[in-house]
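Visitor: Predicted model and sequence below, questions to follow.
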Amino acid sequence: MDNYVTAGAIRQLRERKGMTQAALAAVLDVSPKTVSKWETAKGLPDISLLDAIASALDVSLTELLSGSAVINRNISGNMLRTKFYCCPICGNVIHATGEAVISCCGVTLPPLEAEDYDESHALTLERVEDEQFVTLDHAMEKAHYISFLACVTTDTLQLVKLYPEGDASCRFKIRGHGYLYAYCNRHGLMRMNV
């Protein structure tokens, strides 16, 4: 997916709406030549026009930016469908409870793909009162560290942001079944059933 409105997305959405380039240009108060440049990738719409373009094409801004339809299907609000995103520039951690177009520091972020824990990233769980004390024996250096730990069950998400030179540990109240996640800045997102 591109980081900005694509030529194909504008053309596809315009044709789906049954509009000509001239009709879209008239609604946006630009020339038909301008719309043609957008659709042939010889130019990009100004950012100030994005809301107007989305409105003229009867789509959300998210649909316009992603180039695909967003179908609102509430699948019982299950938090287990949570997707994590991590900005490679500022380290911002973002989560969404389903498909989303997430951008940070001018970069469109792909969702992190979780893998099973390996031996070098094994978690230890220890019950302490009504919580689980989670520890990870892992380097916590500026170049190699665990960025966050998270616990996701069907109705809750708990996330703890970690920093280099700190401990890779935290406490979670785990009720029911779900997943424990750890994100290593070098090896990616790891997941374990709980």
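Guide: Everything's here; your move.

Visitor: ok, now how distant is residue 94 from residue 172?
Guide: Using Cβ to Cβ, to the nearest Å, residue 94 is found at 20 Å from residue 172. From N, CA and C alone the C-beta is placed, and that goes for glycine too.

Visitor: just how off-centre is the lengthiest helix in the chain within its chain?
Guide: When the chain is parsed with DSSP state H, its longest helix is helix 7-17. In terms of Cα atoms, centre = their mean, to the nearest Å, the centre of helix 7-17 is found 24 Å from the chain centre.

Visitor: buried sites along that helix?
Guide: 7, 9-11, 13-14 (16 or more other Cβ atoms under 10 Å).

Visitor: and which of the residues you listed is nearest to residue 182?
Guide: residue 9 (35.7 Å; Cβ to Cβ).

Visitor: I'd say the closest one and residue 61 touch.
Guide: No. Residue 9 lies out of contact with residue 61 (Cβ atoms under 8 Å); the separation is 12.0 Å.

Visitor: got the buried residues for the lowest-mean-pLDDT helix or strand in the chain?
Guide: When the helices and strands of the chain are scored by mean pLDDT, DSSP states H and E, helix 61-66 comes last with a mean of 76. Under the neighbour-count criterion of 16+ other Cβ under 10 Å, helix 61-66 has 63-66 buried.

Visitor: Which other helices and strands does it contact?
Guide: Counting contacts by 3 or more Cβ pairs under 8 Å, 6 or more residues apart in numbering; DSSP states H and E, helix 61-66 is packed against helix 7-17, helix 50-56.

Visitor: and the strand or helix carrying residue 160, what's its mean pLDDT?
Guide: Under the criterion of DSSP states H and E, residue 160 resides in strand 157-161. The average pLDDT within strand 157-161 is 94.

Visitor: quick one: contacts of the helix or strand following it?
Guide: Sequence-wise, the next helix or strand downstream of strand 157-161 (DSSP H and E) is strand 169-172. Residues from elsewhere that reach strand 169-172 (Cβ atoms under 8 Å, 6 or more residues apart in numbering): 128, 131-136, 149, 151, 158, 160, 162, 180.
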